[in-house]
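Asks: make a model of this:
(one chain, ligands or ions: 1)
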Amino acid sequence: MFRRLASIAHCPDDAGMARERIVSGESQGGEKHAASAASAASAASAAFVPSGLAVRPKTLQDYVGQSALVERLSIAMEAVKARGESMEHVLLHGPPGLGKTTLAHVIANEMGSTAWVTSGPALNKAADLVGTLTKLGEGDVLFIDEIHRLPPAVEEYIYPAMEDFKVDFTVDSGMHAKVITLTLKPFTLIGATTRAGMLTQPLRARFGITHHLEYYPKADLVEILKRAVVRMGISKVAVSGFDAIAERSRGTPRVSLRLLRRVRDFAEVRGTGAIDAPAVTAALKLEGVDDLGLDEIDRKYLRVLSEVYEGGPAGLEAIAATMGGDAGTLEDIVEPYLLQIGFLSRTPRGRKLTTAGEAHLKG
Ligand code: ADP
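Replies: Sure thing, here's the model as predicted:
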């Protein structure tokens, strides 16, 4: 699964070489360097952040949009602070790039504690999890990305840790086996997943707050871009530049920020230095990104459905086979946005191209 996702974050370019999808919500390169670290211990230190990437908001006030979630969190934080307790465990689900990791840092900052970042696949042995849990200080935040990928044997250890702040750890085996109970400091677990349906019921039930993050409307993306240019020290940006980037960002802040960096490079090297609508259009045309933020993979999906399957309904497996790709990949990284903008519909008999999708292909 991990390999599969890694490989589909790439798409073929004209020369047939693989390159990363600029419009993918998945993090690439140094964008989220801490999250994939093998253990929370190595990831938690205030790591070096390449210039231009240090644009994460620090407080709930700086966190743009997702107002229902922000309101729920601020009430919960104020209440536990008044009672002198640690913050409840929080489960965040939604597509990549919408700000789940950022919220974990914001919550830790607001609670005056430290955020430790790790991921389900990195915690592949019970000892990894226990080692991580025992390092947490009082009130610290442990962020586990892709929590649905925690191995079942590791997941079992997390239940008593979340509920009673203790873990029973077995040392040795056979007749020498001994169970040691370790007491943990009260901490807050923030789990993130793109696949809420894959979480086990016992794990899901242990979170006090569960919230689905929504794609961001254009106005929120413009606001995120405005704050980012200030932090990145970019001065020459026209309103039309913000609008054009936000429209191509597929509702995803990570995509907005990545497009901004790409357009800035283009404007400085090939353009006038100013980020405006013509610079955005020209820079992203080079990347194969159209006015709606669709790239070559999205268009290929739509074309296959239109031309090979006459608009559908067609089974996902069949579409994937025709494209020479993997069904799970298409479902995870291509279909959500096409469904969101109404170019695709899912019916009991398969995928169907909508009139709007057909019109976009012809336009
Ligand atoms: P996720 O964990 O959901 O994949 P991240 O938290 O890593 O997403 O966010 C991706 C990028 O988008 C980060 O650079 C982050 O600062 C920015 N970002 C995400 N959500 C917001 C928001 N609501 N306000 C401001 N910036 C945001």
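Asks: who in the stretch 251-363 of the chain is up against the ligand?
Replies: 253, 254, 257 (CB under 6 Å from any ligand atom). All C-beta spots, glycine's among them, are computed from the backbone N, C-alpha and C.
Asks: now those in CSV, with secondary structure?
Replies: Output for these, formatted as CSV (DSSP: H, G, I helix; E, B strand; the rest coil):
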residue, secondary structure
253, helix
254, helix
257, helix
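Asks: so which of the residues you listed comes closest to residue 192?
Replies: Closest to residue 192 out of these is residue 254 (13.3 Å), distances taken as CB to CB.
Asks: now do the SS call for the nearest residue to that closest one once chain neighbours are set aside.
Replies: Closest residue in space to residue 254, ignoring its immediate chain neighbours: residue 97 at 3.2 Å, by CB to CB, 6 or more residues apart in numbering. Following three-state DSSP, the label given to residue 97 is coil.
Asks: what about the helices in the stretch 251-363 of the chain?
Replies: Ranges of helices in the stretch 251-363 of the chain, per DSSP state H, counting those that start in this stretch, are 253-269, 277-286, 296-303, 316-323, 327-329, 335-340, 355-362.
Asks: is it true that residue 266 touches residue 279?
Replies: Yes: Residue 266 lies in contact with residue 279 (CB atoms under 8 Å); the separation is 6.3 Å.
Asks: so which residue of this structure comes closest to the ligand?
Replies: residue 99 (2.5 Å; CB to the nearest ligand atom).
Asks: and the nearest residue to that residue once chain neighbours are set aside, what is it in contact with?
Replies: The shortest distance from residue 99 to any non-neighbouring residue, by CB to CB, 6+ apart, is to residue 253 (5.9 Å). Neighbouring residues of residue 253 by CB atoms under 8 Å, 6 or more residues apart in numbering: 64, 97, 98, 99, 216, 221, 224.
Asks: residue 213 contacts residue 92, correct?
Replies: Yes: here residue 213 lies in contact with residue 92, judged by CB under 8 Å, at a distance of 6.0 Å.
Asks: of those two, which one has the most company?
Replies: Between residue 213 and residue 92, residue 92 has the larger neighbour count (other CB atoms under 10 Å), namely 26 against 18.
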